[in-house]
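Peer 1: quick check, what structure comes out for this input:
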Amino acid sequence: MPNRNAAINRTLFPSLVQKFMKRAIGLIIGIVVSVICFAYSMKGTSLADLQAGFLQANYLSLPLMLAMLFGFYWLKAMRWSWLLTPVSPLTARQLFPPLLIGFAANNILPAHLGEFVRVFVVRKQHKVPFSTVFSTVVLERIFDVVAILGLFSVGLMFTNDLPDDYRKSAIFLAAGCVFVVVCVAFYLIWTDWFLSLTETIIGWVPFIPASLTGKILDVLRAGAHGLAALRSGRTVLLIMLNSIAQWLLNGLLAYTALRAFHVPVTPTAGMIITGVIAIGVTIPSSPGYFGVIQYCFAISMAAQGHDVDPSRVLGASLYFHISMYIPVTVLGLHYLHSLGMRVADLNKVVEDSADQDSPDQTTNKEKAGESSVVSENVSPLDSP
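Peer 2: Below you'll find the model as predicted:
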């Protein structure tokens, strides 16, 4: 027995060290990126100027911003319930807590791990197949990208004195939105043909291993099977309108924050900032995207040619950021506590999610009535 334990320790210890080092390096890189971004957003201002901006800000806007924030996440919960309807008729009220737990996890965990957490919570609470829940999150991102790019393009086209290069970018982004919509339609309506084409295209990329190709196709196949209701044009339209409404609210939040700090802008500025932030948060950064959001505000205003006090722009970005960060984190942690979980459990949730079976295996086992099974297979979530 001692020899066996020693062999197990020799096997596990290097992998644990590698996992810890990978996360530590990622966290350090993220913090460095955040510090650099925040330092850039401080150009042309000082702490004294920033303090003066906060003293002069209009905080009567805060209740309106909190109302829009609630609307933003409630719309997300509604959309998620529509995406899950084919396999589990969950309501927005039931999905709102897992959603907030996931976004709170994004605020306190590195590497944007909140998506793993909310998938796990829904699977645990409502026994929805793991692959199906994850597929809905993937589809959410697709609809989000289309809505954000569309609003970003509109914002660019209706901004006065915008350089021609930016207007051309707006047209290019609009064309990209149309392309993505067409791809989603093909995926939902002609699934087998789409999967065959996807496999062929991936096969042209020499550095993608066959195992990863199989996992990508498994996720797409499981998602299309579980989300058959989306083949209804009416459902797709409702989800798309919901997505646009979400990001309109987010843009209005940015616009309201700027106006609270007396920055003379139009609502189109909020649409542009939303698009830039959506791109900015994809880069490695500290949990909560601190520094990155401030940088996105700064470059968005500079690109639009607004000659305003940078301390007011920085103050508005912090006001926007904190008014979203604190309520979402506090409420998400409250819901987490109500499930009998602690913050320390979130990392274990992520690790457990990464150890789930492949979509086909999970579906077969759940059909057979088996409970949660952890295997040594690697899930598609290991390479999102």
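
Peer 1: can I assume Gly150 is in contact with Ile244?
Peer 2: Yes - using Cβ atoms under 8 Å, Gly150 is in contact with Ile244, at 7.0 Å. Yep, even glycine has a C-beta here, placed from its N, CA and C like the rest.

Peer 1: which one of the two has more residues nearby?
Peer 2: Just comparing Gly150 and Ile244: by other Cβ atoms under 10 Å the higher neighbour count belongs to Gly150, 23 against 17.

Peer 1: pretty sure the more buried one belongs to a strand, no?
Peer 2: No - under DSSP: H, G, I helix; E, B strand; the rest coil, Gly150 sits outside any strand and is assigned helix.

Peer 1: so what's it scoring on pLDDT?
Peer 2: Looking at Gly150, its pLDDT reads 81.

Peer 1: so how far is Met301 from it?
Peer 2: 21 Å (Cβ to Cβ, to the nearest Å).

Peer 1: for Pro264, grab the count of nearby residues.
Peer 2: Pro264: 10 surrounding residues under other Cβ under 10 Å.

Peer 1: revised request: answer the last question for Val263.
Peer 2: Using other Cβ under 10 Å, Val263 has 20 neighbouring residues.

Peer 1: by neighbour count, which bits of stretch 87-95 are buried? Give me those.
Peer 2: Buried residues in stretch 87-95, counted by 16 or more other Cβ atoms under 10 Å: Val87, Ser88, Leu90, Ala92, Gln94, Leu95.

Peer 1: the last one contacts Ala77, doesn't it?
Peer 2: What that stands for is Leu95. Yes - counting by Cβ under 8 Å, Leu95 touches Ala77, with 4.6 Å between them.

Peer 1: what's the burial count for the residue lying closest to Arg79 once chain neighbours are set aside?
Peer 2: Excluding the flanking residues, the one nearest Arg79 by Cβ to Cβ, 6 or more residues apart in numbering is Asn242, at 4.7 Å. By the criterion of other Cβ under 10 Å, Asn242 has 17 neighbours.

Peer 1: pLDDT of the helix or strand hosting Asn242, averaged?
Peer 2: Secondary structure assigned from DSSP states H and E places Asn242 in helix 233-260. Per-residue pLDDT over helix 233-260 has a mean of 91.

Peer 1: helices or strands up against it?
Peer 2: Here helix 233-260 touches helix 62-84, helix 130-157, helix 164-189, helix 267-280, helix 310-338, going by 3 or more Cβ pairs under 8 Å, 6 or more residues apart in numbering; DSSP states H and E.

Peer 1: worst-scoring helix or strand of this structure, pLDDT-wise?
Peer 2: Within the chain, no helix or strand scores below helix 359-367, which has a mean of 44 by mean pLDDT, DSSP states H and E.

Peer 1: got the contact list for the residue nearest to Arg79?
Peer 2: Leu75, Met78, Arg79, Trp82 (Cβ atoms under 8 Å, 6 or more residues apart in numbering).

Peer 1: and the first one, what pLDDT?
Peer 2: It stands for Leu75. For Leu75, pLDDT reads 96.

Peer 1: and for it, the neighbour number?
Peer 2: Neighbour count of Leu75, defined by other Cβ under 10 Å: 20.

Peer 1: okay, now the residue nearest to it when sequence neighbours are not counted: neighbour count?
Peer 2: Nearest residue to Leu75 in three dimensions, chain neighbours excluded: Gln246, at 4.7 Å (Cβ to Cβ, 6+ apart). Other residues near Gln246 come to 23 when the count uses other Cβ under 10 Å.

Peer 1: against Ile201, how distant is Gln246?
Peer 2: 30 Å.

Peer 1: can you check Phe96 too?
Peer 2: With distances taken as Cβ to Cβ, Phe96 is found 37 Å from Ile201.

Peer 1: neighbour-wise, which of the two wins?
Peer 2: Neighbour totals were compared for Phe96 and Ile201, and Phe96 leads with 20 against 9 (other Cβ under 10 Å).
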